[in-house]
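J.: dropping a prediction and its sequence here:
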Amino acid sequence: MSSKDFIRQMPGADQHLGKGLGLAYRLHIDWVMLVLLIILCLVGLGVLYSASGQSIVHVKAQLTRYGIAFGVMFVFAQVEPETYRRWSPWLFLAGLAALIGVLLFGAGAKGAQRWLQVPGLPRFQPSEFMKLVVPMMIAWYLSRRFIPPNVKNVLGALVLVFVPVILIFKQPDLGTSILIAASGLFVLMFAGISWRLVFGCGGLVACFAPVMWMFVMRDYQKQRVLTFLDPESDPLGSGWNIIQSKTAIGSGGAWGKGWLEGTQSQLNFLPESHTDFIIAVLAEEFGFVGVILLLCLYLMIVIRGLVIAMNAQSSYARLLGGSLVLTFFVYVFVNIGMVSGILPVVGVPLPLVSYGGTSAVTLMAAFGVLMSIHTHRKMLSR
C-alpha cells in the first residue's frame, strides 16, 4: 500500500496533507528529501558568500547552477526505474566509449585530459556521467543473477567496475576514480557478498599497494600522500593548504568567530576556500557546533535515501538506490577527511556546498533516480 492510500484510510486524516502527498506522487517528488536538499543548498549559498570574499557574483552563479541541478533532478525523477534498468548496459557502453575518446583526443587543462569537445556543443566530462552509470550497470548485472552473488559473479562485477576506473585514473583523476570505484563496490555490498570475500579483496589490494606506488601513481599523487603523512615537511609548498585548513578549523573553537568574521578565509590564507576547502570556512565561522549541525543535515539525507532504497520493490532498484546514497556519503566523508588532515587531498568537493556545477548536477540526477524509485512503486496485490 502506498503512503497516499494509507493517509486516505486514516480516520480524521488531514485532507490538505493528503492532497499535498498526492501532488508529490504525481510529480514524482519526495517532499522530505526535497526539503532537506533545499536547506542544504541554502546553507551552501550562505557559506559560499563568505568563502568567496562576499562575492555576490559567485552566489548568483551558484544559484543558477542549483536551478539547473534541481531541474535535472525533476527530469530524472519522471523516468521509471524499469526504464533505467533496460538502458543500463547501453549507457555503460556509451560511457566507456566517451572515456576512451577522452584518452585519444580529449581536451586538457592544468595537466589533465578529462574533457570531450564536440563541435557546436560545450565540452563535457564523461567521468561525471559514469558516477551514475557504473552503479546502474552493476545493479543491472547482479539483479539478473542469483543474490547473494557467487565468486564468479563478483569477479564479473569487479571487472565492470574497474575498467572505467582505470580509464579515469589515466586521465589522471584520482578523486573521481575513487568515487566511481566506491559506487560500484557498494552495489556488491548491498547484494550480500560475504565479509570473507570483502576482507580477501582488501588484502589483495594492500599487497598490490607497493606496486601501484612504484609503477602506477604519478609524482604529484605520491606527493599528496607524503604531504598527508607529514604536511610540515613543506609548510610553504605542498603542505600549505592542509596546514591552513587545520588552522582555520581549530581557530573556530566551539561556536566559531561569526559569519563573515573568519580570518583565515577573509584574509586569503586558506586556498580554494570556496571549493574543496569550504568546510574549513564553515568550521572557522560557526565552530564545532556548526559543523555538527551540517553533518546532522547530511545524515538525515542519507537516512532518508536508505529508507527509500530499502522500500524499493525490485532487486535492481534496491541495489542502485543503496549505492547512490552511500556514494553521496563517501563524497562527504572524503571531503571532510582531506580538509581535516585524516585523508590525502584528492580534490573531492563538499556535496551541494562547494562552488561548482558539474558535481551538483550529477548528485541531483542521482537524487532524481532515488525519487523515481520511491514514487513509481506499484500497488501489490493483497
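T.: Nice, thanks for sending it over. Numbers count the residues shown, from 1 in each chain.
J.: hey, where'd the helices end up in the stretch 251-382 of the chain?
T.: 263-266, 278-310, 315-340, 358-375 (DSSP state H, counting those that start in this stretch).
J.: least reliable of those by average pLDDT, please.
T.: For the helices of the stretch 251-382 of the chain, mean pLDDT drops lowest on helix 263-266, to a mean of 81.
J.: from the chain's centroid, how far away is it?
T.: 27 Å (Cα atoms, centre = their mean, to the nearest Å).
J.: list the buried ones in that helix?
T.: Gln264, Ser265, Gln266 (16 or more other Cβ atoms under 10 Å). Where you see a C-beta, it was placed from the backbone N, CA and C, and this is true even at glycine.
J.: check what pLDDT Pro135 gets.
T.: 95.
J.: what is the burial count for it?
T.: 30 (other Cβ atoms under 10 Å).
J.: so it belongs to a strand, correct?
T.: No: according to DSSP: H, G, I helix; E, B strand; the rest coil, Pro135 belongs to no strand; its state is helix.
J.: quick check, it in contact with Thr327.
T.: Yes: under the criterion of Cβ atoms under 8 Å, Pro135 makes contact with Thr327 at 7.0 Å.
J.: reformat the helices of the stretch 251-382 of the chain as a markdown table; add distance to Phe199.
T.: Formatted as a markdown table, these follow (distance: least, Cβ to Cβ, whole Å):
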| stretch | distance to Phe199 |
| --- | --- |
| helix 263-266 | 41 |
| helix 278-310 | 24 |
| helix 315-340 | 19 |
| helix 358-375 | 28 |
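J.: quick one: closest of the ones you listed to Leu103.
T.: Shortest distance between Leu103 and the helices of the stretch 251-382 of the chain, using Cβ to Cβ, is found for helix 358-375: 19.3 Å.
J.: is Gln113 in a helix, a strand, or coil?
T.: Under three-state DSSP, Gln113 comes out as strand.
J.: excluding its backbone neighbours, what's nearest it?
T.: Gly106 (4.6 Å; Cβ to Cβ, 6 or more residues apart in numbering).
J.: what values do phi and psi take at that neighbour?
T.: phi -80, psi 160 (degrees, to the nearest 10).
J.: isn't it right next to Phe124, touching?
T.: No: assessed by Cβ under 8 Å, Gly106 is found out of contact with Phe124, at 10.5 Å.
J.: give me the distance between the two termini of stretch 202-220.
T.: Using Cα to Cα, to the nearest Å, the end-to-end distance of stretch 202-220 comes to 25 Å.
J.: what of stretch 304-320?
T.: Taking Cα to Cα as the criterion, the two ends of stretch 304-320 lie 15 Å apart.
J.: give me the contact list for it.
T.: 30, 32-33, 36, 81-82, 84-85, 135-136, 138-140, 142-143, 147, 187, 190-191, 321-322, 324-325, 328, 367, 369-371, 373-374, 377-378, 380 (Cβ atoms under 8 Å, 6 or more residues apart in numbering).
J.: before we move on, which element is the closest residue to Val361 other than its chain neighbours in?
T.: The shortest distance from Val361 to any non-neighbouring residue, by Cβ to Cβ, 6+ apart, is to Ala69 (4.8 Å). For Ala69, the host element (DSSP states H and E) is helix 56-77.
J.: okay, now the unreliable bits of the stretch 51-200 of the chain?
T.: 108-112, 120-122 (pLDDT under 70).
J.: in it, which spans are strands?
T.: Remark: strands assigned in the stretch 51-200 of the chain by DSSP state E, counting those that start in this stretch are 107-109, 112-115.
J.: ok, now how distant is the residue nearest to Leu363 when sequence neighbours are not counted from Ala360?
T.: Distance criterion Cβ to Cβ, 6+ apart; nearest residue to Leu363, sequence neighbours excluded, is Pro351 at 5.6 Å. Distance, Pro351 to Ala360, by Cβ to Cβ, to the nearest Å: 8 Å.
J.: distance check, the residue lying closest to Tyr84 once chain neighbours are set aside against Met130.
T.: Distances taken as Cβ to Cβ, 6+ apart place Met136 nearest to Tyr84, at 6.1 Å, with adjacent residues excluded. To Met130, Met136 is 10 Å away according to Cβ to Cβ.
J.: next: Ala209.
T.: 24 Å.
J.: neighbour count for these two, which is higher?
T.: Taking other Cβ under 10 Å, Ala209 and Met130 do not tie; Met130 has more neighbours (29 against 11).
J.: spit out the contact partners of that one.
T.: Counting by Cβ under 8 Å, 6+ apart, Met130 touches Gly95, Leu99, Pro164, Ile168, Ile180.
J.: list of residues touching stretch 95-111?
T.: 113-117, 123, 126-127, 129-130, 133-134, 163-164, 167-168, 170-171.
J.: Gly175 versus the residue nearest the centre of the chain, what's the distance?
T.: Residue closest to the mean C-alpha point of the chain, counted by Cα atoms, centre = their mean, is Phe328 at 3.7 Å. According to Cβ to Cβ, Phe328 stands 15 Å off from Gly175.
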